[in-house]
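**Student:** generate coordinates for the sequence data below:
(2 chains)
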2 protein chains.
Amino acid sequence: MVHIPVGVSARHIHLSPIHAERLFGDKYQFTVIKPLSQPGQYAVEETVAIVGPKGRFDKVRILGPVRGRTQVEISRTDAFSIGVNPPVRESGDIYGTPGVTIVGPKGEVKLEQGVIVAARHIHFHTSDAIAFGVTDKQMLTVRLNGERPLVMEQVIARVSDTYALAMHIDTDEANAAGVRTGDTAVIIRA
Amino acid sequence: MVHIPVGVSARHIHLSPIHAERLFGDKYQFTVIKPLSQPGQYAVEETVAIVGPKGRFDKVRILGPVRGRTQVEISRTDAFSIGVNPPVRESGDIYGTPGVTIVGPKGEVKLEQGVIVAARHIHFHTSDAIAFGVTDKQMLTVRLNGERPLVMEQVIARVSDTYALAMHIDTDEANAAGVRTGDTAVIIRA
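**Tutor:** Model prediction:
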């Protein structure tokens, strides 16, 4: 029984190059402060505010590098708090999702769409996937042995040569289970 | 397969008679606004603020009737937000739990202990317990079929002639599963 490291994703944003410049100014260079579990991904020092119909969050962490499209990932609790109703989606799948206003030091972006509650998933390096006997997009059942043990069904396997083994859940899921980044999960059914 | 109605508990407080008077004044009578799922339990119109080391919540709902000891029930997300670290406990089991300051219109209470994250549980009327074949304090495994299906282990059965059939979870658990009050749960292992 191999334990998979859990990473808890707090609310964060991925910016497109155009939105990054509108929020921070032309040719702005972000300051990297921390590498993330996935190779090449990192958190930067800068933050933005996101504003919904019923509230706002200041100091929302920006993750880099820039992506093709801006995407805001929040928990369901966050969503109720600012008055938006995003669906649970895989990263990148933002069609028809709600928007939000993003406020940076040099400008604002009225995002038309891009707010999601990220679907829980496990990143597997291709070699991990072979070892675990799973394939890309497969749905897994996973136990989180936290303070309040939970079994999560429909956990999506994502397989790539660019990934490192890690299960990503959001703060609602982490708090429901009583787990934190660095705790581990076990696949109980593949 | 019998479906059990789910009730989602937002943060709330039960007051002792002494604390109720200190917060609202001598012989204060609360205004009942809504009966709860459990017979004899109700929400009142009045609210209090609760204040922790790192933040506060205004308008925290008071549930009645008064109880022997004051108890504050919050989610793990709430707990991080105000800077307290309550354990997951059954209602009433507050020994060694942290306190918080409670602010009412007529006074304040510095609660020494009484803040918990309520352990998920199912209330069974004695007749329901017979029908389901469960006994008081038994641990059950329950599936919540929300937007993100979850199986919860260690769900406590509570059996009494004064209970009505209902599963109680907190907002973190509800949001992790994507369920709301009025959705249903299924016992998959007793």
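
**Student:** chain B contacts on chain A?
**Tutor:** For chain A, the contact set with chain B under CB under 8 Å from any CB of the partner chain comprises A:75-77, A:80, A:88, A:119-120, A:147-154, A:171-173, A:175-178. Bear in mind the C-beta positions are built from the backbone N, C-alpha and C, glycine included.

**Student:** for residue A:162, give me its contacts.
**Tutor:** A:38-40 (CB atoms under 8 Å, 6 or more residues apart in numbering or on different chains).

**Student:** need phi/psi at it.
**Tutor:** The phi/psi pair for residue A:162 (degrees, to the nearest 10) reads phi -100, psi 0.

**Student:** can you give me the distance of the closest residue to residue A:160 other than its chain neighbours to residue A:52?
**Tutor:** Distance criterion CB to CB, 6 or more residues apart in numbering or on different chains; nearest residue to residue A:160, sequence neighbours excluded, is residue A:126 at 6.8 Å. Going from residue A:126 to residue A:52 by CB to CB, to the nearest Å gives 39 Å.

**Student:** where does residue A:98 sit: helix, strand or coil?
**Tutor:** Here residue A:98 is recorded as coil under DSSP: H, G, I helix; E, B strand; the rest coil.

**Student:** where does pLDDT dip in chain A?
**Tutor:** A:1 (pLDDT under 70).

**Student:** go again with 90.
**Tutor:** Scanning chain A for pLDDT under 90 picks out the ranges A:1-2, A:145-147, A:189-190.

**Student:** secondary structure element for the nearest residue to residue A:51 once chain neighbours are set aside?
**Tutor:** In space, and not counting its chain neighbours, residue A:51 is closest to residue A:101: 4.2 Å by CB to CB, 6+ apart. Assigned by DSSP states H and E, residue A:101 falls within strand A:100-103.

**Student:** and that strand, what does it pack against?
**Tutor:** Contacts defined by 3 or more CB pairs under 8 Å, 6 or more residues apart in numbering or on different chains; DSSP states H and E place strand A:100-103 against helix A:17-24, strand A:42-52, strand A:108-111.

**Student:** what's in contact with the first one?
**Tutor:** Outside of helix A:17-24, the residues within contact range by CB under 8 Å, 6+ apart are A:15, A:27-28, A:30, A:46, A:48, A:66, A:70, A:102-109, A:111.

**Student:** how does chain A divide up, domain by domain?
**Tutor:** With domains defined by automatic domain parsing, chain A comprises A:10-118, A:120-189.

**Student:** so which of those domains is the most packed in?
**Tutor:** Highest mean neighbour count among the domains of chain A (mean count of other CB atoms under 10 Å in any protein chain shown): domain A:120-189, with a mean of 19.

**Student:** and residue A:105, what does it touch?
**Tutor:** Contacts here follow CB under 8 Å, 6+ apart; on that basis residue A:105 touches A:23-25.

**Student:** also residue A:12?
**Tutor:** Residue A:12 neighbours (CB under 8 Å, 6+ apart): A:43, A:60-63, A:72-73.

**Student:** mind checking the end-to-end distance for stretch A:121-133?
**Tutor:** 16 Å (CA to CA, to the nearest Å).

**Student:** what does stretch A:147-166 give?
**Tutor:** Between the opening and closing residues of stretch A:147-166 there is a gap of 20 Å (CA to CA).

**Student:** just how off-centre is it within its chain?
**Tutor:** Chain-centre distance of stretch A:147-166: 13 Å, with CA atoms, centre = their mean, to the nearest Å.

**Student:** could I get the full set of helices for chain A?
**Tutor:** A:17-24, A:76-82, A:126-132, A:171-177 (DSSP state H).

**Student:** export those as CSV, with columns for distance to residue A:142.
**Tutor:** Listed next are the helices of chain A as CSV, based on distance: least, CB to CB, whole Å:
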stretch, distance to residue A:142
helix A:17-24, 34
helix A:76-82, 19
helix A:126-132, 11
helix A:171-177, 10
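
**Student:** no more questions from me, cheers.
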